[in-house]
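Asks: here is the input, now give the coordinates:
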Amino acid sequence: MNVTRGFTGRPRVHHPGLPPGQYDAGDDWPVLSAEVTPDLTPADWTFRVDGLVGEPRTWDWDEAHTLPESRYEGDIHCVTSWSKFGVRFGGVSLDAFLAAVRPDAAATHAVAYSHTGYTTNLPLADLTGGRAWIAWEYDGRPLTPEHGGPARLLVPHLYFWKSAKWIAGLRLLDHDEPGFWEQNGYHERGNPWEEQRYSGD
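Replies: As a prediction, this is how the structure comes out:
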């Protein structure tokens, strides 16, 4: 698969919080997916954390909602060059899930995987310390399927392909293991402020 670098043609609106090469999408939220949107209901949804953990565990929808509620209010940035400011997501901090499984000291990375089979890799440090969420609300309403509902991973400080839609689980590892887009030419980490869009950036 070839990676297209031709993200041009959109007007660039200046915003002091724009990372390099991004434009302000305003009220738009473009829908971009590597796969067909699944028919996944809250009753069917589960989330599992396993790999290098003391106690692997799976939560269903109701069990996940018993964890302490947490919210993110801020910005998101897509590798295709759009950014959205002042977004509001609701869900649970990933720290709450990780505390329940007790990650091994050897764990350094994670592979996030979706109910569709999509995968993406992340350093564990990018998922802890209040930096990542399992989100099921957007702007006070249930997250819609085209944007990853019933629940998605939210890692807002990285490009948005790292925030896997229709999240099904995390597998903790002692090494980095590239996911779908990373195997097809995208950057291993995806920091928008360093324009880490593609391998070698």
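Asks: ok, now which ones touch W82?
Replies: By CB atoms under 8 Å, 6 or more residues apart in numbering, the contact set of W82 is R10, Q22, Y23, D24, A25, D28, P30. C-beta coordinates here come from the backbone N, C-alpha and C atoms, glycine included.
Asks: quick one, grab the pLDDT at the fourth one.
Replies: We note a pLDDT of 91 for D24 in this prediction.
Asks: that one contacts P16, doesn't it?
Replies: No: using CB atoms under 8 Å, D24 is not in contact with P16, being 10.5 Å away.
Asks: show me what contacts the residue nearest to the spatial centre of the chain?
Replies: The chain has S163 as the residue nearest its centroid, 1.1 Å off, counting by CA atoms, centre = their mean. Listed by CB under 8 Å, 6+ apart, the contact set of S163 reads I76, G148, R152, L153, L154, V155, P156.
Asks: D24 and P16: who's more crowded?
Replies: Higher neighbour count among D24 and P16: D24, with 18 against 5, using other CB atoms under 10 Å.
Asks: give the bridge partners for the more buried one, please.
Replies: S83 (DSSP bridges).
Asks: quick check: the gap between it and G190.
Replies: In this view, D24 and G190 are 19 Å apart by CB to CB, to the nearest Å.
Asks: among the contacts of S163, which ones are buried?
Replies: Neighbour-count burial (16 or more other CB atoms under 10 Å) applied to the contacts of S163 gives I76, G148, R152, L153, L154, V155, P156.
Asks: among the contacts of S163, which pair sits farthest apart?
Replies: G148 and P156 (13.1 Å; CB to CB).
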